[in-house]
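Colleague: Sequence first, then the predicted structure:
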Amino acid sequence: MKKLGSWIVVFLGFIVTLILSIITSVNLLNFSGDKGLNTQNIEKNIEKLKGYSWFNELYENEEHHRSFFVSIKIRKYLESSMRVSKLIRSGKEQEKFIVLLEEVARLRIKG
């Protein structure tokens with residue numbers, strides 16, 4: 001019975017995260033008609049991620065720091081609360097994010 005209760009809590013957490021992500025991605029909270037990135041969500045999610053040492057190492061790294069402000073790919077990724085939650089929970093997702101940061105840095109150096 002305890003196991004069932006914990007699964008229900010996990011499921012409800014997932015549903016809440018999914019709903020918030022949908023609201024964020026369709027920009028329902030932004031009635032201005034602007035289809036750009038939601039800077040408030042991005043900043044909120046960056047602040048949430050700063051609570052983790054692996055993220056702080058990336059954020060403070062000179063090679064990647066600029067990407068958090070100017071790269072549309074990185075900012076679009078960080079705009080989604082669902083993706084950020086997955087990033088926090090999954091080492092595999094963290095590795096994918098690091099690869100994305102490195103790809104953006106490589107492109108910036110080439111360009």
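Modeller: In hand now; what should we look at? Numbers count the residues shown, from 1 in each chain.

Colleague: Low-confidence regions, this protein specifically.
Modeller: When residues are selected by pLDDT under 70, those of the chain lie in 1-2, 4-5, 9-10, 12, 14, 16, 18, 20-35, 111.

Colleague: which stretches of this protein form helices?
Modeller: For the chain, the helices defined by DSSP state H cover 2-25, 39-49, 53-60, 62-65, 67-70, 72-79, 81-89, 91-110.

Colleague: Could you dump those into TSV with mean neighbour count added?
Modeller: The way it works is simple: take the backbone N, C-alpha and C, and place the C-beta from them, glycine included. Formatted as TSV, those follow (neighbours: other Cβ atoms under 10 Å):
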stretch	mean neighbour count
helix 2-25	12
helix 39-49	16
helix 53-60	13
helix 62-65	13
helix 67-70	15
helix 72-79	17
helix 81-89	18
helix 91-110	14
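
Colleague: Check the gap between residue 8 and residue 15 for me.
Modeller: Applying Cβ to Cβ, to the nearest Å, the value for residue 8 to residue 15 is 10 Å.

Colleague: Residue 38 and residue 78 touch, don't they?
Modeller: No. Here residue 38 lies out of contact with residue 78, judged by Cβ atoms under 8 Å, at a distance of 10.2 Å.

Colleague: what residues are up against residue 94?
Modeller: If a contact means Cβ atoms under 8 Å, 6 or more residues apart in numbering, then residue 94 has 54, 87 as its contacts.

Colleague: quick one: it from residue 87, how far?
Modeller: 6 Å.

Colleague: can you check residue 72 too?
Modeller: Residue 72 is 18 Å from residue 87, where distance means Cβ to Cβ.

Colleague: before we move on, what about residue 66?
Modeller: For residue 66, the distance to residue 87 - Cβ to Cβ - is 20 Å.

Colleague: Please apply the same query to residue 56.
Modeller: Taking Cβ to Cβ, one finds residue 56 at 14 Å from residue 87.

Colleague: what's the answer for residue 68, then?
Modeller: On the measure of Cβ to Cβ, residue 68 and residue 87 end up 13 Å apart.
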